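K.L.:
Have a look; sequence and predicted model below, questions after that.
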Amino acid sequence: MQNDVNSKGYTQWFYFRVANTTAGNTVKFTLMNFTKSDSMFNYGLKIAVYSEKRAQQEEVAWTRECDNILYYPNGIKKVQDPSKQYYSLTFSHTFMYDQDFVYFAYSVPYSYSDLRRDINEIENDE
């Protein structure tokens, strides 16, 4: 994880894609180097997930899912300040389709195109 832009060194968000999936296969992910001592994942927040094949076949966009979500101190100390440590996020996901592209994110992405579309709709609303 790299630090969030314009922050004091926080790393909390993530966005990545997995390809070449196998239906029914469960994969455990562990993301490391988070710096916040607590996370909404400890209070029920689920991972944002988007499957290209599910979107095409079932017209389902982003959903909140995944199992066995844990956010915890991993015991790795920060080099800059050994009194502080890094945290890890672990979760499992079972893929629904073969040969799919599946995206995982801290929150549902909101693109510049989304913003322009929303502004356009507001401006054209009588």
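P.N.:
Yep, it's here. Numbering: from 1, shown residues only.
K.L.:
buried set for the host helix or strand of Thr90?
P.N.:
Using DSSP states H and E, Thr90 sits within strand 85-94. Neighbour counts over strand 85-94 (16 or more other CB atoms under 10 Å) mark 86-91, 93 as buried. The C-beta positions use only the backbone N, C-alpha and C, and glycine is treated the same way.
K.L.:
before we move on, what about stretch 36-52?
P.N.:
39, 41, 47-51.
K.L.:
Check the average confidence over it, would you?
P.N.:
The pLDDT scores in stretch 36-52 average 95.
K.L.:
Could you number the chain from 552 rather than 1 from now on?
P.N.:
New numbering, starting at 552: the last item is stretch 587-603.
K.L.:
circling back: who are the packing partners of the strand holding Thr641?
P.N.:
strand 577-585, strand 598-602, strand 618-628 (3 or more CB pairs under 8 Å, 6 or more residues apart in numbering; DSSP states H and E).
K.L.:
Would you mind writing the CA trace of the last one as CSV?
P.N.:
Spelled out, that is strand 618-628. The C-alpha trace of strand 618-628 is given here as CSV (Å, rounded to 0.1, in the frame of the first residue of the first chain):
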residue,chain,number,x,y,z
ASP,A,618,-16.4,-13.5,4.0
ASN,A,619,-14.1,-13.8,7.0
ILE,A,620,-13.2,-10.1,6.9
LEU,A,621,-10.6,-9.2,9.5
TYR,A,622,-8.7,-6.0,10.1
TYR,A,623,-5.9,-6.4,12.6
PRO,A,624,-2.4,-5.3,13.7
ASN,A,625,0.1,-7.5,11.9
GLY,A,626,3.1,-7.0,14.2
ILE,A,627,5.3,-5.2,11.6
LYS,A,628,6.7,-2.0,13.1
